[in-house]
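Novice: here you go, sequence then predicted model.
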Amino acid sequence: MGDRKEEYIRILTEQIRCKKARNQVAREMLNHMEEQEEFYVSEGMTRDEAQAEAVKEMGDPVEAGAALDMVHRPQMVGGLLALMGILYAAGFLVSCFLQKNFTDATLLPGAGLHHIIYILIGFMIMAGVCYVDYSRLGLWARELTVLLAVMIAAGIMLFGVPVNGATVFLHLPLPGAPSVNIKMLCYLFFPLYGAVLYGYRGQGYSAVVKGILWMLPAICISLYVPSTSTAMMLFLMFVLILSFAVGRGWFAVSVKYMLAGIWGTVLLIPAAVCVWVVCAGAGYQAERLRAVLHPGSGEAGYLFRMLREILGGSVLRGAGESAVSAAEGFPGGTEFGLVYVTAYYGILAAVLLIGVLAFLFICFLGLSLRQKNELGMIMGVSCSVVFFVQLLFYVLVNTGVFPVGGVYCPFFTYGGTGVVVTNVLIGLLLSIYRYQEIPLDMKAKRRLKVSVKSNI
């Protein structure tokens, strides 16, 4: 590169505060100047004259660099962090208001200092993650997936304590250390899964097969715990993300027939499982199947009937007397917070609560879909899918459509592991927003098989 071009690019890139963007900008400016230089040479100029004219045409390097700095710099996320803080505070206040209706503190056992501590820790994690470039995680998605699976498996073997035949929690051998919910940790696989699919773009049917195989680490962990309901939720989320990638035309397959095959299989699997449980399953498995098909029957039927009594006695606004009376004897926790909101504050309050959360998650999804960088898009969509499915199952359980069982709702449900995992996913979404105008470096492009000419 000639001295004029070198000096021009040096001054220009010094104006760009984001170091990661400087190399990309330098390459683009150099290519443009070389193209102009060749044009002037073809018009009869000498090489030195052509180079000088090409540099002159670029304008003042300080002004050009300052303009590019405005484009290639991380977005400010202070307002979004403040919004997340407001939502956590609102969820905590709702929990506290509900707690006042009880004298034995059975609804929200952690609605005091512990809950606040978890929220603060989770918020700090979210703020830290949002300043980490998400593309670094996408660069090593497969390796991180394997590492996460190995760490969870090792944790189960070393620190898992079976309770009623299920190893749901890890109890770390540290004084005062909280228990870690294994099922919640499985949601960390999803942004990595989206990045894994991104790495298979351009491949054929083998990419879809690989995508299915990469579902196994999380699903196998949930089945080992065991938690069949968690495995079903995880499988649904994975299929939604894979379907999104197929629908984007990332793979060299027939989109229409592939989507039909994927969802046809999704519908056949539950039917096959039901047949197997009826014909060869254990007694407790058949009982659980009956609970799914007929929630009001079986040993857990009384909880379902109490839930229906609470909802049936609720009114549009304010507390329903029969609903409150039934709610006082309902042995639930924050996973049934929507039930208590309905009983004490009315159906409209419950709809408003769910509407606010749904609107927030729609905003997360919209933020992801607007990304020009498709790596950020798929990782953001993966995080959004987790929130939507969690909210969907939370509503279905709280309205009695699905059998009564443990569910999680972001911002509203108590649980240390859930708060941390939720904040990691939100932090990734904020990172995608923050770095949306910052190009991937060449190493990341080569590893992720992105064309140099792609629109980052």
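Specialist: Good, I have the coordinates. None of the values given here were measured: they were computed from a predicted structure. Residues are numbered from 1 along each chain as shown.

Novice: ok, now how distant is the residue nearest in space to the middle of the chain from Leu80?
Specialist: Among the residues of the chain, the one closest to the centroid is Cys383, at 1.7 Å (CA atoms, centre = their mean). Cys383 sits at a distance of 14 Å from Leu80 (criterion: CB to CB, to the nearest Å). Backbone N, C-alpha and C define where each C-beta goes, glycine included.

Novice: my read is that the residue nearest to the centre of the chain contacts Leu425, right?
Specialist: Yes - look at Cys383 against Leu425 with CB atoms under 8 Å: they come within range, at 4.4 Å.

Novice: spit out the residues that contact those two alike.
Specialist: Common neighbours of Cys383 and Leu425, using CB atoms under 8 Å, 6 or more residues apart in numbering, are Phe190, Pro191.

Novice: sorry, back to before: need the contact list for the residue nearest to the centre of the chain.
Specialist: By CB under 8 Å, 6+ apart, the neighbours of Cys383 are Phe190, Pro191, Phe364, Ser368, Leu425, Ile426, Leu428, Leu429.

Novice: identify each buried residue in stretch 305-314, please.
Specialist: Met306, Leu307, Glu309, Ile310, Leu311, Gly313, Ser314 (16 or more other CB atoms under 10 Å).

Novice: whoops, I mixed them up, stretch 345-352
Specialist: Applying 16+ other CB under 10 Å to stretch 345-352 flags Tyr345, Gly346, Ile347, Ala349, Ala350 as buried.

Novice: in helices, which of these fall?
Specialist: Members of the buried residues of stretch 345-352 lying in helices (criterion: DSSP state H): Tyr345, Ile347, Ala349, Ala350.

Novice: lowest-confidence entry in those residues?
Specialist: Least confident by pLDDT among these: that is Tyr345, with 85.

Novice: so that residue sits against Ala319, correct?
Specialist: Yes - under the criterion of CB under 8 Å, Tyr345 makes contact with Ala319 at 7.1 Å.

Novice: that older thread, which of the buried residues of stretch 305-314 sits closest to Leu137?
Specialist: Relative to Leu137, the closest of the buried residues of stretch 305-314 is Leu307; by CB to CB it sits at 39.9 Å.

Novice: just give the nearest non-adjacent residue to the closest one, would you?
Specialist: Closest residue in space to Leu307, ignoring its immediate chain neighbours: Gly400 at 4.9 Å, by CB to CB, 6 or more residues apart in numbering.

Novice: let me see the contact set for the closest residue to Phe244 other than its chain neighbours.
Specialist: Of all residues not flanking Phe244 in the chain, Val381 sits nearest, at 5.7 Å (CB to CB, 6+ apart). Residues in contact with Val381, defined by CB under 8 Å, 6+ apart, are Gly194, Ile241, Phe244, Leu365, Ser368, Leu369.

Novice: do the same with Val339
Specialist: Shown in contact with Val339 (CB under 8 Å, 6+ apart): Leu307, Ile310, Leu311, Ala327, Phe330, Gly332, Asn398.

Novice: against Arg308, how distant is it?
Specialist: Shown here: Val339 relative to Arg308, a distance of 10 Å by CB to CB.

Novice: same check on Thr13?
Specialist: From Thr13 over to Arg308 the distance is 66 Å, taken as CB to CB.

Novice: repeat that for Leu369.
Specialist: In terms of CB to CB, Leu369 sits 38 Å off from Arg308.

Novice: ditto for Arg248
Specialist: 42 Å.

Novice: what's the mean pLDDT across stretch 211-231?
Specialist: Across stretch 211-231, pLDDT averages out at 89.

Novice: isn't there a helix covering Phe387?
Specialist: Yes - assessed by DSSP: H, G, I helix; E, B strand; the rest coil, Phe387 belongs to a helix.

Novice: for it, what are its contacts?
Specialist: By CB under 8 Å, 6+ apart, Phe387 lies in contact with Phe361, Phe364, Pro410, Leu425.

Novice: quick check: domain ranges of the protein?
Specialist: Listed by automatic domain parsing, the domain ranges of the chain are 3-71, 78-253+294-447.

Novice: quick one, which of these is nearest to Val266?
Specialist: Nearest to Val266, of all those, is domain 78-253+294-447, at 5.6 Å by CB to CB.

Novice: so what's the gap between the closest one and the chain middle?
Specialist: Here domain 78-253+294-447 shows a centroid-to-chain-centroid distance of 8 Å under the convention CA atoms, centre = their mean, to the nearest Å.

Novice: from the buried residues of stretch 305-314, pick the one nearest Leu267.
Specialist: Closest approach between these and Leu267, by CB to CB: Leu307, at 27.7 Å.

Novice: pretty sure the closest one sits against Glu335.
Specialist: No - look at Leu307 against Glu335 with CB under 8 Å: they stay out of range, at 11.9 Å.

Novice: if you count neighbours, what's buried in stretch 29-44?
Specialist: Buried residues in stretch 29-44 (16+ other CB under 10 Å): Met29, Met33, Gln36, Glu37, Tyr40.

Novice: now pLDDT, neighbour count and distance to Arg22 too, for the contacts of Cys383, in a markdown table please.
Specialist: Shown next, in a markdown table, are these (pLDDT from 0 to 100; neighbours: other CB atoms under 10 Å; distance: CB to CB, whole Å):
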| residue | pLDDT | neighbour count | distance to Arg22 |
| --- | --- | --- | --- |
| Phe190 | 96 | 25 | 32 |
| Pro191 | 95 | 29 | 27 |
| Phe364 | 89 | 24 | 30 |
| Ser368 | 90 | 22 | 27 |
| Leu425 | 94 | 25 | 30 |
| Ile426 | 92 | 27 | 29 |
| Leu428 | 92 | 24 | 25 |
| Leu429 | 91 | 28 | 26 |
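
Novice: distance to Leu87 and secondary structure added to the residues you listed, as TSV?
Specialist: Output for those, formatted as TSV (distance: CB to CB, whole Å; DSSP: H, G, I helix; E, B strand; the rest coil):
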residue	distance to Leu87	secondary structure
Phe190	21	helix
Pro191	20	helix
Phe364	12	helix
Ser368	18	helix
Leu425	14	helix
Ile426	10	helix
Leu428	17	helix
Leu429	13	helix
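
Novice: nearest to Cys130 among the buried residues of stretch 29-44?
Specialist: Checking those one by one against Cys130 (CB to CB), the nearest turns out to be Met29, at 30.0 Å.

Novice: just checking, what packs against the helix or strand hosting the closest one?
Specialist: Using DSSP states H and E, Met29 sits within helix 19-42. Helix 19-42 is packed against helix 3-14, helix 47-57, with contacts defined by 3 or more CB pairs under 8 Å, 6 or more residues apart in numbering; DSSP states H and E.

Novice: tell me which of those lies nearest to Thr230.
Specialist: With CB to CB as the criterion, Thr230 lies closest to helix 3-14 of the helices and strands packed on helix 19-42, at 49.1 Å.

Novice: looking at whatever helix or strand Leu158 lives in now, give me its mean pLDDT.
Specialist: Leu158 is part of helix 141-159, with elements assigned from DSSP H and E. For helix 141-159, mean pLDDT is 92.

Novice: how many residues are close by Leu148?
Specialist: 18 (other CB atoms under 10 Å).

Novice: test my guess that Leu353 contacts Phe412.
Specialist: Yes - here Leu353 reaches Phe412: they are 7.4 Å apart, a contact under CB under 8 Å.
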